[in-house]
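Asks: Need coordinates for the below:
(3 chains)
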Amino acid sequence: MLALMERLWPINRSITGAGLRETLQIIAEYLPGLRTIEVPSGQQVLDWQIPEEWEITDAFLKDPDGNIVADFKENNLSVLGYSTAIDARLSLEELLPHLHTLPEQPDVIPYVTSYYQKNWGFCIAESKKQGLKLGTYHACIKAKHFKGSLTYGELILPGTSEKEVLISTYCCHPSMANNELSGPCVAVGLASWLQGLSHRHYTYRFVFIPEMIGSAAYLEANSIHLKEHVIAGFNLTCVGDERTWSFLPSRLENTYADKVALYALQTYCGSYDRYGWKDRGSDESMYCAPGIDLPVVSVMRSKYGTYPEYHTSLDTIGGVVTAEGLNGSLDLHKHIVRILENDCYPKSLVLGEPQLGKRGLYPMISAKGSTAPVKNRLNLISYADGNHSLLDIAVKCDIPFEELISEVALLKENHILSSLPV
Amino acid sequence: MLALMERLWPINRSITGAGLRETLQIIAEYLPGLRTIEVPSGQQVLDWQIPEEWEITDAFLKDPDGNIVADFKENNLSVLGYSTAIDARLSLEELLPHLHTLPEQPDVIPYVTSYYQKNWGFCIAESKKQGLKLGTYHACIKAKHFKGSLTYGELILPGTSEKEVLISTYCCHPSMANNELSGPCVAVGLASWLQGLSHRHYTYRFVFIPEMIGSAAYLEANSIHLKEHVIAGFNLTCVGDERTWSFLPSRLENTYADKVALYALQTYCGSYDRYGWKDRGSDESMYCAPGIDLPVVSVMRSKYGTYPEYHTSLDTIGGVVTAEGLNGSLDLHKHIVRILENDCYPKSLVLGEPQLGKRGLYPMISAKGSTAPVKNRLNLISYADGNHSLLDIAVKCDIPFEELISEVALLKENHILSSLPV
Amino acid sequence: MLALMERLWPINRSITGAGLRETLQIIAEYLPGLRTIEVPSGQQVLDWQIPEEWEITDAFLKDPDGNIVADFKENNLSVLGYSTAIDARLSLEELLPHLHTLPEQPDVIPYVTSYYQKNWGFCIAESKKQGLKLGTYHACIKAKHFKGSLTYGELILPGTSEKEVLISTYCCHPSMANNELSGPCVAVGLASWLQGLSHRHYTYRFVFIPEMIGSAAYLEANSIHLKEHVIAGFNLTCVGDERTWSFLPSRLENTYADKVALYALQTYCGSYDRYGWKDRGSDESMYCAPGIDLPVVSVMRSKYGTYPEYHTSLDTIGGVVTAEGLNGSLDLHKHIVRILENDCYPKSLVLGEPQLGKRGLYPMISAKGSTAPVKNRLNLISYADGNHSLLDIAVKCDIPFEELISEVALLKENHILSSLPV
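Replies: Below you'll find the model as predicted:
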């Protein structure tokens, strides 16, 4: 995943355009079957409209002495995202309204965009801005906007069930690592692993979109199907660092996706930061909106908006994202998939407590403490009333989910349990 | 309100009779439209019977030396409420069973009544009783009971909706300030304010009654109408001091009135004493009784029974009640009315998260932290699913209710929201 | 109860056989009407099969010098329960796999059985085992297994209602006191007391069974009837010591039996250890199993498995069980019965708060604090809406249940309340 991230890093992504398209092409090399869809500029998607494409070839800002103040080729955050073209000499006073900085973090270049109002601008460190002297500056941005299309990718991995798990991630951010190359990279890792599985119960739907406008476009085309099929969804974002674990719920905060994600976090991570719906800030707003109501949650490392490097030039590979961070996120999402794939409603086939002894499932000698090794088995059977899911039983009886999986298999072999789908 | 209270102070009120009638006439001067209703003695009202009227013109108790021990003209608490007549010379021993004191508060005259068993008596300070010497006392109470009627007042302020808010208060207590001239006085203030409003959504029903027998009489005549129309009711009592805030719930403790009152107390007062239904002691017993089941709560300052001056000659204007105390209560009840009038179920008119930017409702430049100013707007929209009331959203997202009111107006203008009645 | 226990103590009980049968005959002396039922060996009962009877006449183990190592006549725990016969000379090495000890408690004889796999063995103290020397041992167990039957006892005490309270206890353990002669002994005490009552609302069903196989057998014959009639059930076990009180819930943890038992424990015992369903270990597993779903709980003193003497030769009369322990348990279960017998849904016959004064149920003089003595009465009436049981009201208003019983009687006399069955 880190190698993929390094390859994607230099590309100047935006919510439309060549950078986004190139990113999806590279991802498709790793994920055979990934389909890309183009939605034309101007098309209405839910309450939104697909914007024009943005093409930028070069941009620089020179001070009165001809020194470079900002250079797009050096860092693609240097230009206001979706900036209009400019080639002009201006006084410092004229220039200043077009310079974006982060006064609280004086040494970083901030990530700033102006998608929905045409404007031009540069993003630089506050400390650099403070040192600018009077005189005539040369601002040059070689960019154009034109009717084109918005691109997104989709990969569907069929399972035996028509019920689906949705994994959505966004790839519209330029060179920043945790937010947001980590999401697409872990999504690629997860999809590859799922492609390699010999059996999938659920159908897995991976979606690679530009944030917000992309989920609007995707829902415009797919919302009815998704509402009927998706049992759990995950917005894969900010999954690259090692600092903490975070959970952001769905809007209703009590869907099946919430339950599974919380259980996975509790058992896999121990401690994590639990956010509320009001702390959201990404595609879940679209997926969970009233009338859409998909059960989409986010299981993250350091959540967007909470770590100092967020949306700045400091959000780098190495600086924030590590191989271990990415691998941990992948492992946790595999753990989530294992829970989803194996959860069920066990139902006893025997009236009353079954006699396990005659099936070799119980200690032969009965003495003080002799039932301890089969306690979990007895508890599983006792709650196998068709009203408690395996996940419910794991939580209620504090039994590791993996142990329940193998116990269910054993008890099904012995005709003690059947299992109903979730 | 304090001026009104000073005017009402000297009147000797009881659950029937001239004092009650005069009180209602004075209130009517402040509240044009207040209607008084007479219910004849002997009439059955629910499980109760309207008692005879009580007329008292003078009362005194003289000691063997002719010194005044108790004088009705000086303090109308000096006579047992609803006392029968007496004009007799008695020994101290004969007198003692007719003297009511409060041994734990030896210097106060207690408020004592005997409404439902005929008796005569005087109320004096325990310290005075201790000093009484042997000899012949002259007890004189010029009073009579006769078939008359019970009087109560009613003011209906129509709104655009037939749904009603009930404000009930009682005016059967003689000269005591917090309990209970404060209730009628704040009710007058609240009704005047409501009369001055250009628009009222709900119909407001103000009821000025003698306690318990009055609510029985009122329900006898109106319970079916009230059960169909009242969405929230408030028993206005003990609203005159500045010491604390108190809440007494409805019997079911979870009605809409409870929710609104608790939210108002939390946001307006910060801290308050929260009582349970079992701490009740006034007309809510009648209004919330099984089979009546009106959603009536009490939002008070120092609750009856909990402050030392309660039901004694110390419950005075100045001693307990202040202008600031009354005004604070009025303001809080206005706050409650504003919540009631503006609460609704907002419902999004847009599928998915709306694009606020194109409507000028979103920051044009998107950078780190740029959405903070519109966070509350986004949360309101996100919960506008028709299942969350404005009050629910205020609580859930910790947004001031006033801000939600103006946001709803703005978003309705922009065709993003509609709103359904509560 | 202690005398009965001393009489039952020496008998060698097992899940079938002469000891169990003799125990039930002695119990029948105390409980006229107790019926014994025989279920033949080999019969299928739910998922289980009735085993052969076990008859043992003598057993001993001698060391190479002829010294007695274990003697069944001295302590019937010395033989592995349900042991097969043996009469052989063996080396120490051959013997060791057949010696059962408790290494953590080196000086006690443990209680060990092998009901569902044929085996022979002795149970001795670990310290004794450590001292065994090399040489030839003589192991002799004069026992046989044969087709016979399993015996259980049943006593039904009819009430005016067809609804039933189930009291189940087990008597398959040899000479141990708390677990498990205390259960049958307290059951005898409780049944005797119930037989002496002039009026019983519920029908009481007492069941004396061998553990697990006995409840399977009982349910095979009676489960349909029980599911239709039992409103609360109690597994009477470990009720003989004075150390603590314990509660084990039903499987669903919120049945009527759970509510009544918890209230009784809180009010009668103050503090107690509250266990969860996953801590179970007796017949409730069978009674509450999915598809059976009887509301069976256990109200115990020191719970099985939690006290050091459990399932060892130290669980003796005097060492663990005391007369006071047994009596306390009996009293608590009588308390439970009184709650069950008197619980109801009171319903007001009066619309609005009734006027208690005219019925002599309210203080005649109304003064500060005068309603305190009738507060509980007023609260009872206020919650008498047909939705709150007497138990609910006791909990909600913190009123002693006994006081509610007499208040209900008084208010029914006065035609203020009726009561609906639970």
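Asks: tell me, how many neighbours does A:E154 end up with?
Replies: Residues contacting A:E154 under the criterion other Cβ atoms under 10 Å in any protein chain shown number 18. In this view, the C-beta of every residue, glycine as well, is placed from N, C-alpha and C.
Asks: Show me which residues of the stretch 201-350 of chain A are close to chain B?
Replies: Within the stretch 201-350 of chain A, the positions near chain B by Cβ under 8 Å from any Cβ of the partner chain are A:212, A:215-216, A:219, A:223, A:251, A:277-278, A:280-281, A:285-286, A:288-293, A:305, A:310-312.
Asks: redo that, cut-off 10 Å
Replies: Neighbours of chain B within the stretch 201-350 of chain A, by Cβ under 10 Å from any Cβ of the partner chain: A:212-213, A:215-216, A:219-220, A:223, A:251-252, A:276-281, A:283-293, A:304-305, A:310-312.
Asks: Now A:Q266: closest residue in space that isn't a chain neighbour?
Replies: Spatial nearest neighbour of A:Q266, chain neighbours left out: A:Y272 (7.9 Å); criterion: Cβ to Cβ, 6 or more residues apart in numbering or on different chains.
Asks: And A:S182, by the same measure?
Replies: A:G240 (3.0 Å).
Asks: how near is A:L417 to A:L411?
Replies: Computed as Cβ to Cβ, to the nearest Å, the A:L417 to A:L411 distance reads 4 Å.
Asks: Mind checking which of these two has more residues around it?
Replies: A direct count of neighbours by other Cβ under 10 Å for A:L417 and A:L411 places A:L411 higher, at 25 against 22.
Asks: list the contacts for the more buried one?
Replies: For A:L411, the contacting residues are A:346, A:348-350, A:354, A:356, A:359, A:361, A:377, A:380-381, A:384, A:417-419, by Cβ atoms under 10 Å, 6 or more residues apart in numbering or on different chains.
Asks: Which secondary structure element is home to it?
Replies: Assigned by DSSP states H and E, A:L411 falls within helix A:401-413.
Asks: likewise A:I167?
Replies: strand A:164-170.
Asks: Paired strands for that strand, with orientation please.
Replies: Each strand paired with strand A:164-170, and its direction, by DSSP bridges: strand A:203-209 (parallel), strand A:230-235 (parallel).
Asks: Dump those into CSV; add mean neighbour count, distance to B:L155 and mean pLDDT as well.
Replies: As requested, the strands paired with strand A:164-170 are exported to CSV (neighbours: other Cβ atoms under 10 Å in any protein chain shown; distance: least, Cβ to Cβ, whole Å; pLDDT from 0 to 100):
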stretch, mean neighbour count, distance to B:L155, mean pLDDT
strand A:203-209, 24, 61, 98
strand A:230-235, 24, 56, 98
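Asks: Same list (the ones you listed) but as CSV, adding distance to C:L404.
Replies: Output for the strands paired with strand A:164-170, formatted as CSV (distance: least, Cβ to Cβ, whole Å):
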stretch, distance to C:L404
strand A:203-209, 59
strand A:230-235, 49
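Asks: need the contact list for the residue of the stretch 201-350 of chain A found nearest chain B.
Replies: Here the stretch 201-350 of chain A gets closest to chain B at one residue, A:P290, 3.6 Å apart by Cβ to the nearest Cβ. Contacts of A:P290 were listed using Cβ under 10 Å, 6+ apart, and they are A:251, B:346-348, B:350-353, B:381-388.
Asks: ok, and which of those reach chain C?
Replies: Among these, no residue sits close to chain C (Cβ under 10 Å from any Cβ).
Asks: just how off-centre is the helix holding A:L411 within its chain?
Replies: Using Cα atoms, centre = their mean, to the nearest Å, the distance from the centre of helix A:401-413 to the centre of the chain it belongs to is 31 Å.
Asks: repeat for stretch A:178-194
Replies: Relative to the centre of its chain, stretch A:178-194 is centred 8 Å away, using Cα atoms, centre = their mean.
Asks: So which bits of it are buried?
Replies: Residues of stretch A:178-194 classed as buried by neighbour count (16 or more other Cβ atoms under 10 Å in any protein chain shown): A:178-191, A:194.
Asks: What of stretch A:381-401?
Replies: Within stretch A:381-401, the residues that count as buried by 16+ other Cβ under 10 Å are A:381-385, A:388-391, A:393-395, A:397, A:399, A:401.
Asks: How are the helices of the stretch 251-400 of chain A distributed by residue range?
Replies: Ranges of helices within the stretch 251-400 of chain A are A:256-269, A:284-287, A:323-342, A:375-382, A:390-397, based on DSSP state H, counting those that start in this stretch.
Asks: Just name the most buried of the ones you listed.
Replies: For the helices of the stretch 251-400 of chain A, the largest average neighbour count (mean count of other Cβ atoms under 10 Å in any protein chain shown) is found in helix A:284-287, namely a mean of 26.
Asks: Just the CA trace of it, in PDB.
Replies: Listed next in PDB are the C-alpha coordinates belonging to helix A:284-287 (Å, rounded to 0.1, in the frame of the first residue of the first chain):
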ATOM      1  CA  GLU A 284     -21.300  10.000   5.200                       C
ATOM      2  CA  SER A 285     -23.200  13.300   5.100                       C
ATOM      3  CA  MET A 286     -24.400  12.300   1.700                       C
ATOM      4  CA  TYR A 287     -24.800   8.600   2.200                       C
END
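Asks: For it, name the packing helices and strands.
Replies: Applying 3 or more Cβ pairs under 10 Å, 6 or more residues apart in numbering or on different chains; DSSP states H and E, one finds that helix A:284-287 contacts strand A:164-170, helix A:213-229, strand A:230-235, strand A:296-300, helix B:375-382.
Asks: Identify the spatial nearest neighbour of A:A177, chain neighbours not counted.
Replies: Using Cβ to Cβ, 6+ apart and skipping residues adjacent in sequence, the residue nearest A:A177 is A:V321, 4.0 Å away.
Asks: what sits against that neighbour?
Replies: By Cβ under 10 Å, 6+ apart, the neighbours of A:V321 are A:1-2, A:5, A:176-179, A:181-182, A:185, A:238-242, A:301, A:309, A:315.
Asks: same check, this time on A:L166
Replies: By Cβ under 10 Å, 6+ apart, the residues touching A:L166 are A:203-207, A:218, A:222, A:226, A:229-235, A:257, A:287, A:294-296.
Asks: How about A:S313: what's its closest non-neighbour residue?
Replies: A:I109 (4.0 Å).
Asks: if we can go back for a sec, list the residues that contact both of A:L417 and A:L411?
Replies: The contact sets of A:L417 and A:L411 overlap at A:P346, A:S348, A:L349, A:V350, A:P354, A:L380, A:I381, A:A384 (Cβ under 10 Å, 6+ apart).
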